[in-house]
Structure formats: C-alpha cells, structure tokens
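**Student:** only geometry, no sequence info:
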C-alpha cells in the first residue's frame, strides 16, 4: 500500500472516531438529574467542599489549631520522677527456733525474734517521665497518680525551660489523679472547660511530653464518652472510670498532660492508651475535667478526696441475659443502672429507692450506664443533696434532696487515716471465707497501691493479715485500732495458696528502716 493510501486511511479513521464521540456526547449520553446537569455551557467551577444548594457564606471554615496550641503550651509541664533505692523486708517465712516451738514467742519477747520478718534487701532506684497541667498561677499542677506514685524526688520543667522541685499535695488512686506544687508566682495556667459539653466527633488536642520529647501537640476527635477500660478498677474496688476516648496520638510520657478543645480550654487529663504493644494504637483516654475539678479541689482543701456514696449495689442491665431480664420484668431498650441491693444505712434507702429500681438520671443528667452514673456521683461530697430519677414498674419517679453520705454512713469530713498510710485496698474477711481458710477472721489485702506497704515491704495482693503488733485482727476496724497504738509494728499473716506464716515490718512514721 502506498504512503498516500496509508495516510488517507489514518485521517479518515481519526475523523470518524472524533465525529462519533461528538455525536454521542451531544445527543445520545443519558443525562443525570441535578441543577447543573442540563446540557448548559455555563456549568460553574467549584472547590470540592462546595455543595450545590448551600450558602457558601454559612459554611464553617476549616478548623485551625494554632490558637489553641499557643494557649495551651505554656501551661503544660514536663514531670520527671526518681524513686531512690530502698531497703525492704522480704516475704519469706520467719525461721523459728526449737525453743520458740516449745515455749512460744511471748516467752522470749521481741528481742529473740532477731530480724523479725525475714531478710532485708535493696530495691534499685527508678526514674520515670510524665506530664502535668498548671491550674493556678502559684504553681499547683494536676497530673496522674501513676506519674508520681512512690516518687522520692519530683522535678518539674516548664515550657520556658525553668526547673523546679515539686512536692505532692495529695493523690487519689481511685481516679488516678494527683496534685503537686512548685514554688513559683505568675505561672501560666490553663482554664477549665466543661467536659459535659464535649461531643462525639469534636476536634481535640493532646498536649504533653511523650517518649521524653519536648512539648508535643497532636490532634484528633472525640470518638466516645463515658468509656471504662478497667485500668483503675483492676486495683481499686472504688475506682471511677468514665473516660473521654479520642484518637489523638498519646504515648508514654503523655500521662498527666492536657486534653483541650479548639478554644484552648482544659477538658480532660490524658491518662491511658489502649494498645497491645504499649505504644499508641489508635485510642487514648482522658479523665473528664468536671471530675478533675472536684478531685483537685478536695485534695487541695482536705488532702484527700471526700467521696460521696449513694448507698446501692448495682449492675448494668446490658450485661443480663434475655432470661434474666425477663425474670426481672425488664426490657432490653431501657437505659439506666439496675439497683441490686440497698443497704439500710445508705442515702438511697433513706430516699425510698428499692431493689429492682433503675436509676436513669442524677440531677436531671441521664445516666444510661454505670460509668456515667458513678462519674456524676463522684462530683459531689458527703452532705451534698441531689435529685435522683428512677424507673419502677416502667414508671419514672424523681426524688429530690437526697442527702449523700460517706463510706461510714455519715456526712462528716473524713480525714486521712492510719489505714490510708498503708496505701492498700483492705477487706474484712467474711465468716464463710475465714472458715474455709481455717481461721477465725482477718483482713484480706485486695491490692497494694501507693503507700507504706509498697515502700517498706514486698507484700503482695492476696495476703491475709492475722495479727498487727502481736494483736489478733478479725476486721479492718481491728487493724485500724492496732495501728493507732504503735508507730512501728509487725504485720503477721498468710497467703492462702502457700503454707507458712509471713511477717512484714512497717514504720508508720514513714521511715524506710528501723
């Protein structure tokens, strides 16, 4: 084929293809419904954020975090802690002599017992790092309890690189909060926001010192509210968890740092992450600031938290099976907390609340779950009055002026007791449990938290205290009385899963040796 014929063939093919596309697009392509799909040549060109039919003037501009970060950065501090090496007694059974077996311990007195509770050994020192938030111009700082737990030295570095020594004002393991103080004036501090106003999907910023880095800001959204992850509850029976869950990146070292809104207001204290590796994996958790405020105020005023109790035992109806719901005459779609029992000395009994009622509101605020109810109660102190709404036989009632009480069933201010110094979660053994162990009674150590037991001994959770200072103890009240009589004493007891008697020396004055 000649060149002319080839060229002509190519040109004819191209012209035919162009004509086909033109005719199809103009006359044959199906048209879509919509304000601009009508064949007009005047189709507007818009940015992708523009939606036809909306007023562009009323569309909120993209969120910018510069202003919020600028406000928050000066008020977030770096906390470094040091735990000094310590000498503690071990948990080995004390060796007894043949003479003691024959004549008994009382015959020889304390001097014969030598070391009095096993060998002593040194625990090496530790160093850790976390974050904190200035809440006043005179140097009060809120952080997590686990950041300063057992610390012998606390160093605080402000955003302007000024360094201070800090002292602990008070701690609350139940909420994992602590207040420390540095000696300064005119310090920059963050303003409290309102965590009740926080909405799912809202932009938030996490500010802190992760991985021992300098101040770091990360952004995310609120992905859930009133979350409980069991991190506090695994150690404390009275623990309160009602976290704000976000996807703002938080890592080790962020603990105690600020969660702020886009106005730069403090709405939470970052406390935990959910991660299979120990590093950030997508979810972080902050203590809501409305709870923080109450705990901080109590620690600053009283040195401990004045916790109010409603006086009920409760369960989450969502955890019941269909048969259990049917037995109780409940529906699956009812939101609230089911009252399992009502002790006669509590506030709920006085208010007329019965077993089987479902608490739905506290002071008009909905409490569809246990975390939301416990958070609301935790904002009050003994002697405060609240209103409670509850369902009974599917009819809602509201009782006003319910007087909240403390754990002892009164409205008195509870001061830090000798038991608080131990830093343990203690339970009086029930008669059935004592009989099973072959003892008359005792005090079960549910957990060893922050306090003298952790500092001075190697006692583990599960220990049963049988004697204190040589005096038998059958209840927590017995233990308290024994501790009040002596400054230095020995705790004697057993581990149910091990044979033998174990001894631990403690000094209530706080000394590490005696």
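**Tutor:** That came through fine. Computed from a predicted model, the values in this text were never measured in an experiment.
**Student:** Tell me where the stretch 201-350 of the chain has helices.
**Tutor:** Using DSSP state H, counting those that start in this stretch, the helices of the stretch 201-350 of the chain run over 289-302, 322-328, 347-351.
**Student:** so which of the ones you listed comes closest to residue 481?
**Tutor:** helix 289-302 (23.2 Å; CB to CB). No exception for glycine: its C-beta is placed from N, CA and C like everyone else's.
**Student:** Now do the closest one: everything it contacts.
**Tutor:** Helix 289-302 is contacted by residues 135, 140, 142, 169-172, 175, 177-179, 192-196, 240, 242, 266-269, 304-306, 375, 378-381, 413, 415 when judged by CB atoms under 8 Å, 6 or more residues apart in numbering.
**Student:** repeat for stretch 433-441
**Tutor:** For stretch 433-441, contacts defined as CB under 8 Å, 6+ apart pick out 428-429, 431, 442, 444, 464, 466, 472-475, 494, 496.
**Student:** How about the contacts made by residue 380?
**Tutor:** By CB under 8 Å, 6+ apart, the residues touching residue 380 are 294, 308, 386, 404.
**Student:** What residues sit buried inside stretch 142-157?
**Tutor:** Buried residues in stretch 142-157, counted by 16 or more other CB atoms under 10 Å: 142-151, 154-157.
**Student:** circling back: for the contacts of residue 380, which one is nearest residue 282?
**Tutor:** Of all the contacts of residue 380, the one with the least separation from residue 282 (CB to CB) is residue 294, at 29.9 Å.
**Student:** State the distance from that closest one to residue 302.
**Tutor:** Distance, residue 294 to residue 302, by CB to CB, to the nearest Å: 12 Å.
**Student:** Checking residue 71 next. Helix, strand or coil?
**Tutor:** Three-state assignment for residue 71 (DSSP: H, G, I helix; E, B strand; the rest coil): helix.
**Student:** Any idea how many residues pack against the residue nearest to it when sequence neighbours are not counted?
**Tutor:** Nearest residue to residue 71, sequence neighbours excluded (CB to CB, 6 or more residues apart in numbering): residue 264, at 3.1 Å. Residue 264 has 21 neighbours, counted by other CB atoms under 10 Å.
**Student:** and what of residue 485?
**Tutor:** Residues near residue 485, counting by other CB under 10 Å, number 11.
**Student:** The nearest residue to it once chain neighbours are set aside: what's it in contact with?
**Tutor:** Among residues not flanking residue 485 along the chain, residue 469 sits closest, at 6.8 Å (CB to CB, 6+ apart). By CB under 8 Å, 6+ apart, residue 469 lies in contact with 482-483, 485-486, 489-490.
**Student:** How about residue 288?
**Tutor:** Here residue 288 is in contact with 195, 198, 225, 242-244, 267-268, 375 (CB under 8 Å, 6+ apart).
**Student:** let's see it at 7 Å
**Tutor:** By CB atoms under 7 Å, 6 or more residues apart in numbering, the contact set of residue 288 is 195, 242, 244, 268, 375.
**Student:** Pull the most distant pair out of the residues you listed.
**Tutor:** Maximum distance among those (CB to CB): 12.1 Å, for 268 and 375.
**Student:** so where's the longest strand in the chain?
**Tutor:** In the chain, ranked by residue count with DSSP state E as the criterion, the top strand is strand 216-227.
**Student:** And for the closest residue in space to residue 218 that isn't next to it in sequence, the neighbour number?
**Tutor:** Using CB to CB, 6+ apart and skipping residues adjacent in sequence, the residue nearest residue 218 is residue 249, 4.1 Å away. Counted with other CB under 10 Å, the neighbours of residue 249 add up to 19.
**Student:** Put the buried members of the contacts of residue 380 into a ChimeraX selection.
**Tutor:** Command for ChimeraX that selects the buried part of these, burial taken from 16+ other CB under 10 Å:
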select :294,308,386,404
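**Student:** Against residue 212, how distant is residue 133?
**Tutor:** Residue 133 sits 18 Å away from residue 212, going by CB to CB.
**Student:** Please say which of the two ends up with more neighbours.
**Tutor:** Using other CB under 10 Å as the criterion, residue 133 and residue 212 rank with residue 133 on top: 27 against 12.
**Student:** Then the more buried one would be within a strand, right?
**Tutor:** Yes - read with three-state DSSP, residue 133 is one of the residues of a strand.
**Student:** isn't it right next to residue 258, touching?
**Tutor:** Yes - under the criterion of CB atoms under 7 Å, residue 133 makes contact with residue 258 at 4.8 Å.
**Student:** and residue 390, what is it in contact with?
**Tutor:** 353, 357-360, 397.
**Student:** Tell me the buried residues within those residues.
**Tutor:** Here, 16+ other CB under 10 Å leaves 353, 357-360 buried among the contacts of residue 390.
**Student:** Could you save those residues as JSON lines and add columns showing pLDDT?
**Tutor:** Listed next are the buried ones among the contacts of residue 390 as JSON lines, based on pLDDT from 0 to 100:
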{"residue": "353", "pLDDT": "95"}
{"residue": "357", "pLDDT": "93"}
{"residue": "358", "pLDDT": "93"}
{"residue": "359", "pLDDT": "95"}
{"residue": "360", "pLDDT": "95"}
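**Student:** Among the residues you listed, which lie within strands?
**Tutor:** The members of these that map onto strands under DSSP E are 358-360.
**Student:** how about these in a markdown table, adding distance to residue 319?
**Tutor:** Shown next, in a markdown table, are these (distance: CB to CB, whole Å):
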| residue | distance to residue 319 |
| --- | --- |
| 358 | 14 |
| 359 | 16 |
| 360 | 17 |
